[in-house]
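> please work out how this folds:
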Amino acid sequence: MAIRDKYDLEELGNEMEEFVFQELEKQLDAISDDDICKCHDCVLDMICLSLNQLEPRYRVSLMGTLYAKVESQELEEKIKHVVADVLMKVSQNPGH
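Reported below is the predicted structural model:
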């Protein structure tokens with residue numbers, strides 16, 4: 001029996017992904033295209049490296065989504081710091 005075949009997993013998600021997407025978008029928008037590669041591969045590397053350094057926040061319901069979004073200032077700062085570090089790493093060592 002495959003879990004994916006038996007159960008609807010559409011509502012299962014990691015809210016940390018959305019937090020990283022938002023922060024990465026902010027930071028990339030603040031950097032000139034000439035100063036950092038924003039190609040598909042580099043952005044995916046940035047996302048993966050960031051998510052691998054942060055604790056996931058999985059949810060399966062609207063309440064879970066709302067609960068995950070109740071962030072502390074400390075978590076917000078951690079996400080900013082992690083994304084900034086990852087931007088530097090990927091820009092200095094692009095995977096292409």
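
> following the lowest-mean-pLDDT helix or strand in the chain, which helix or strand shows up next?
Least confident helix or strand of the chain, by mean pLDDT, DSSP states H and E, is helix 62-68 with a mean of 63. In the C-terminal direction, the helix or strand that comes right after helix 62-68 (DSSP states H and E) is helix 73-92.

> any buried residues in that following helix, and which?
Across helix 73-92, burial judged by 16 or more other Cβ atoms under 10 Å covers K78, I79, V82, V83, V86, L87, V90. (C-beta placed from N, C-alpha, C; glycine too.)

> and those as TSV, adding distance to V20 and pLDDT?
Formatted as TSV, the buried residues of helix 73-92 follow (distance: Cβ to Cβ, whole Å; pLDDT from 0 to 100):
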residue	distance to V20	pLDDT
K78	11	96
I79	7	96
V82	8	98
V83	7	98
V86	9	98
L87	12	97
V90	13	96
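
> out of those residues, who's nearest V60?
I79 (22.0 Å; Cβ to Cβ).

> gap between that closest one and E18?
Noted for I79: a distance of 11 Å to E18, by Cβ to Cβ, to the nearest Å.

> just to check, H96 is in contact with L44?
No: contact status for H96 versus L44: not in contact, 11.4 Å apart, counting by Cβ atoms under 8 Å.

> higher neighbour count, these two?
For the pair H96 and L44, the greater number of neighbours falls to L44 (12 against 8), based on other Cβ atoms under 10 Å.

> hang on, the more buried one in a strand?
No: residue assignment for L44, taken from DSSP: H, G, I helix; E, B strand; the rest coil, gives helix, which places it outside any strand.

> let me know the pLDDT of it.
The model reports L44 with a pLDDT of 97.

> who's in contact with it?
Under the criterion of Cβ atoms under 8 Å, 6 or more residues apart in numbering, L44 has no contact partners.
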